[in-house]
Structure formats: C-alpha cells, structure tokens
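> A predicted structure for the sequence below; I have some questions about it.
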Amino acid sequence: RVGRGAGSALRIAGHDDHPFSKFTCPSLTTISQDYDSISTRSVETVLALIERGERAQSREAALFSGTLVLRGSA
C-alpha cells in the first residue's frame, strides 16, 4: 500500500506539482517549483550574456526554493 497511513509500506513523492497530481489514487505528494523566479533568472542571465557579447567564462549555478505539497502518497 502507498501512503502515509497505518499499513502503508511505501511513500512516493514527485516534483513539478503537475495539475493531475491531486487526482491520482492516492493523491501524489510533490514539490511545487517557483517558475516565476526560475524564468526571471533565466532571462536576466541570457540578457547579460548578450550585453557582454561574449561567452560566459564559467558555469553559474542557482538554487531555487520549492514548496512541499503534501498529499496522500507521502
């Protein structure tokens, strides 16, 4: 059995909080990503590269917060 309750043997969680996640059985626990922050950072990075007119000298990494959406699966 999948879930959080007594007698459950397995917990499952996904990511991206797909709209259908709440309709699975049991409903799927997911991480909801902050798409506004991710897209804003992406556009800022691309525009900065265009303005500089050269390739980036090093790879830049960014971490974004996610929101845990607890449902029946975990």
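That came through, no problem.
> run through who's touching the helix or strand harbouring residue 44.
Using DSSP states H and E, residue 44 maps to helix 35-52. The set of residues external to helix 35-52 that reach it, using Cβ atoms under 8 Å, 6 or more residues apart in numbering, is 55-56, 60, 62, 64-65. Heads up, the C-betas are built off the backbone N, CA and C, glycines and all.
> for this protein, what helix or strand is lowest in average pLDDT?
The helix or strand of the chain with the lowest confidence, counting by mean pLDDT, DSSP states H and E, is strand 13-15 at a mean of 92.
> for the most centrally placed residue in the chain, which non-adjacent residue is closest in space?
By Cα atoms, centre = their mean, the chain has its centre lying nearest to residue 33, at 3.6 Å. Spatial nearest neighbour of residue 33, excluding adjacent residues (Cβ to Cβ, 6 or more residues apart in numbering): residue 66 at 5.3 Å.
> next, count neighbours for the one you found.
If you count neighbours by other Cβ atoms under 10 Å, residue 66 ends up with 14.
> surely it touches residue 30?
No: contact criterion Cβ atoms under 8 Å: residue 66 and residue 30 do not qualify, at 9.1 Å.
> okay, and the common contacts of those two?
Joint contacts of residue 66 and residue 30 (Cβ under 8 Å, 6+ apart) are residue 15.
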